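# here you go, sequence then predicted model.
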Amino acid sequence: MTSAGPRRTAVKSCPSTPPWAGGGSSWKSDLRSPPGEEVVLRPPVQVPQRLPGAAAAAPPPPVRAPPPAAPPAAPAASAAAADGKAAKGTFRGAEVPAGSEEKREAKEALARLLQVRQKELLRLKMQAQEKQLALLRGRLAQERRLAVGSVPTAPSAEAPVAAAAARDAAEVSEARIQESRKQLAAVLERRRAGDPKLSGRPSSRASAFPKLQASAKASRTASATALQPVEKHVPLEYPASLAGRCCARGYDVFHIGERGVASVVSVDNLLCGLQKLLQKHVLPDHSDGRKGARSRPTFRPSGLAFPGLDAAVPSALRREVERCLAPLVARELGADLFRLPASSAASFLRLLTAPATSWSSSQLFPHIDYAASLAATVGLGDFNGTSVGFYAGRALRGKPVLEDLADVARYKLHGIANFAAERQDGHQQQQEELGHFELLLEREVRMNRAIAYPAWLLHRAEVPPEAARRLTADPAKGRLTLNLFYTTEEQAHLERS
């Protein structure tokens, strides 16, 4: 067993301030250890060598270090130097770089200057907006003055002068009006007192009134004469393919309005086999469910304004009517029924069941068919005594056709109200003078008679009280008609526009 070597001691360097706190490279030279601290350095432990065959030796007892000796007194100069170094290192760590204070003050000054410039720019923008708002208010006030008829004032120094001149002109005009009123009152007073100078001279207004009345009456007479329909009979010959289907040999054309602006076509004996078609497709079947019985149209209350019942038209009946009616419509009304698409045609079987006292205003007053260009009515039943009347509107300057939306507006605003007043007034002469609608043509609805006309021609059904009492919902006995409506390409374009 080897003994521990001699004990060595060393002094540890532990300055009060770390060497890196003071900065610089001078800290390497100040690595002196403060007095009073010792570190015991133990030699390396020697491992005992064990020879083969030898008994295990007991481990050596641990070496205990002696108690530390009292530190020797250090010189006062060394302590003072160490304190000075520590103080110097501490000051270097908290030192502020030179010039940072000036930079901070410069930044603060620039920020304050920027805020001042921004405030100035905002103030200038607000002033410009206020000026624009004042100009707009002035223009608006000037437009309002022009709308009410006052004299506009210019925004200048001459405005008070112009306003004073306008007031003076108004005062002069008011004075003249007052003077004229006084003179008129004096003349009236002298006339009441029986002044011979005034009693023998008639008033110019009174003398002109009969002339105005005569002129108005002559104008109404001339207008009525110009609106009277011009009738013309036209012979008709169908081609060989339709000779056995269409039996009409002529038709009547009524030109209505100034220069014949509208034409009404009336043709009798249109279909050769109308009665057979009605028995086969329209009238009730009394076969009592036997073999060969056919379904018939079902009449229901009209969903439109028509005061009666509606039903679908059998296609066989509609085709026969259109074959015989197409040549007349193409020649007189300028529409080819066979070139119109199916979506441009509509047809109904109609039974009139209500008297005129229960009609809606759209059927009671002369009206137009807004959604169509051409319309036709064909009598299917043996019910006589009713007709279709065609009218002209006096508020429309005697025009029987509503040509544009302005005519429709005048018709809606004035025509209907005046027509209602006419029907409530019982004085016939007053009706003739104040009547808004004038009956131009009345064509009776008969069996196998077709009446075709422009849909924008004012018309209405004429049902006298005697015929109204015979109205019924039975298709075999009632007023049964076939109503056709067609829309041409020109009319469809007007509706889309």
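Everything's here; your move. Note that this is a predicted model, so its numbers are computed, not measured.
# now do Val313, the pLDDT please.
pLDDT, Val313: 95.
# and for the closest residue to it other than its chain neighbours, the neighbour number?
Of all residues not flanking Val313 in the chain, Ser347 sits nearest, at 4.4 Å (CB to CB, 6 or more residues apart in numbering). C-beta here means a position set from N, CA and C on the backbone, and glycine is covered the same way. By other CB atoms under 10 Å, 20 other residues sit near Ser347.
# can I assume Ser347 is in contact with Val378?
No. With contact defined as CB atoms under 8 Å, Ser347 does not reach Val378; the gap is 9.9 Å.
# overlap of the contact sets of these two?
Contact criterion CB atoms under 8 Å, 6 or more residues apart in numbering; residues shared by Ser347 and Val378: Leu482, Asn483, Leu484.
# in a helix, that's where Ala473 is, yeah?
No. Read with DSSP: H, G, I helix; E, B strand; the rest coil, Ala473 is coil and lies in no helix.
# chain neighbours aside, what residue packs nearest to it?
Thr353 (5.3 Å).
# my guess is the one you found meets Gly478, correct?
Yes. With contact defined as CB under 8 Å, Thr353 reaches Gly478; the gap is 7.0 Å.
# now do the shared contacts for these two.
Common neighbours of Thr353 and Gly478 (CB under 8 Å, 6+ apart) are Leu471, Thr472.
# can you map out the helices along the stretch 251-400 of the chain?
In the stretch 251-400 of the chain, the helices defined using DSSP state H, counting those that start in this stretch lie at 274-281, 315-332, 361-364.
# need the pLDDT of the closest residue to Pro400 other than its chain neighbours.
Closest residue to Pro400 apart from its sequence neighbours, by CB to CB, 6+ apart: Ala392 at 4.1 Å. For Ala392, the model assigns a pLDDT of 83.
# then the one 4 residues further on?
pLDDT for Leu396: 66.
# doesn't Asn483 lie inside a strand?
Yes. Assigned with three-state DSSP, Asn483 falls within a strand.
# and the nearest residue to Glu332 once chain neighbours are set aside, bridged to which residues?
With sequence-adjacent residues excluded and distances taken as CB to CB, 6+ apart, Glu332 is closest to Val265, at 5.0 Å. Residues in a beta bridge with Val265, per DSSP bridges, are Val253, Ala452.
# I figured Ala375 hits Leu484, correct?
Yes. When contacts are counted by CB under 8 Å, Ala375 is listed as touching Leu484 (6.8 Å).
# so, low pLDDT: which residues of the protein?
Per-residue confidence for the chain (pLDDT under 70) gives these ranges: 1-99, 146-166, 191-192, 194-227, 259-260, 286-294, 395-399, 402-436, 489-497.
# rerun that using 90 as the cut-off
1-231, 243-244, 256-262, 283-296, 302-306, 338-344, 356-373, 391-440, 456-458, 488-497 (pLDDT under 90).
# biggest helix in it, by residue count?
helix 100-148 (DSSP state H).
# related to what we said a few turns ago, the residue nearest to Val313 pairs with what?
Leu484.
# that one and Ala476, how far apart?
Distance, Ser347 to Ala476, using CB to CB, to the nearest Å: 20 Å.
# can I take it that Gln183 is in a strand?
No. Assigned with three-state DSSP, Gln183 falls outside any strand and is helix.
# can you give me the end-to-end distance of stretch 453-464?
Length of stretch 453-464, first residue to last, CA to CA, to the nearest Å: 22 Å.
# now His281: closest residue in space that isn't a chain neighbour?
Nearest one to His281, counting by CB to CB, 6+ apart, is Pro314 at 3.9 Å.
# what's around that neighbour, how many residues?
20.
# contacts only, for it.
His281, Val282, Pro297.
# then Ala262?
Ala262 touches His255, Ile256, Phe390, Pro400, Val401, Tyr453, Pro454, Leu457, counting by CB under 8 Å, 6+ apart.
# the residue nearest to Pro400: neighbour count?
That count, for Ala392 with other CB under 10 Å as the rule, works out to 27.
# show me the beta-bridge partners of it.
Using DSSP bridges, the beta-bridge partners of Ala392 come out as Glu438.
# that one contacts Leu441, doesn't it?
No. The pair Ala392 / Leu441 is not scored as a contact, 9.8 Å apart, by CB under 8 Å.
# which residues do these two both contact?
Shared contacts of Ala392 and Leu441 (CB under 8 Å, 6+ apart): Ile256.
# hang on, the earlier thing: of the contacts of Ala262, which qualify as buried by neighbour count?
Among those, those classed as buried by 16 or more other CB atoms under 10 Å are His255, Ile256, Phe390, Pro400, Val401, Tyr453, Pro454, Leu457.
# which of those residues lies closest to Glu102?
Val401 (96.1 Å; CB to CB).
# Cys272 and Lys107: what is the separation?
Using CB to CB, we find Cys272 at a distance of 111 Å from Lys107.
# neighbour count winner among the two?
Legend: neighbour count by other CB under 10 Å for Cys272 and Lys107, higher for Cys272 (18 against 10).
# look up how far Gly244 lies from that one.
To Gly244, Cys272 is 6 Å away according to CB to CB.
# name all residues that make contact with Val282.
Val282 makes contact with Arg296, Pro297, Pro314, Leu317, Leu349, Leu380, Pro475, Leu480, according to CB under 8 Å, 6+ apart.
# tell me which of those fall in strands.
Leu349, Leu480 (DSSP state E).
# filter the contacts of Val282 to the buried ones?
Those of those that meet the buried threshold are Pro297, Pro314, Leu317, Leu349, Leu380, Pro475, Leu480, by 16+ other CB under 10 Å.
# and Gln275, how many residues sit next to it?
By other CB under 10 Å, 14 other residues sit near Gln275.
# wait, what's in contact with Arg167?
Shown in contact with Arg167 (CB under 8 Å, 6+ apart): no residues.
# helix, strand, or coil at it?
Using three-state DSSP, the structure places Arg167 in helix.
# for the closest residue in space to His255 that isn't next to it in sequence, what are phi and psi?
Nearest residue to His255 in three dimensions, chain neighbours excluded: Val230, at 4.4 Å (CB to CB, 6+ apart). Note on Val230: backbone dihedrals following degrees, to the nearest 10 are phi -100, psi 120.
# separation between Val230 and Glu258?
11 Å.
# my guess is Ala476 meets Leu380, correct?
No. Counting by CB under 8 Å, Ala476 stays clear of Leu380, with 10.3 Å between them.
# now do the residue nearest to Val313 against Ser387, distance only.
Taking CB to CB as the measure, Ser347 falls 21 Å from Ser387.
# ok, back up a step: and the residue nearest to Val313, what is it in contact with?
Val313, Arg318, Leu482, Asn483, Leu484, Phe485.
# pretty sure the last one sits against Ala345.
Pointing back at Phe485 there. Yes. Using CB under 8 Å, Phe485 is in contact with Ala345, at 7.1 Å.
# okay if I get the contacts of Pro314 as JSON lines plus distance to Leu337?
Shown next, in JSON lines, are the contacts of Pro314 (distance: CB to CB, whole Å):
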{"residue": "His281", "distance to Leu337": "20"}
{"residue": "Val282", "distance to Leu337": "21"}
{"residue": "Pro297", "distance to Leu337": "22"}
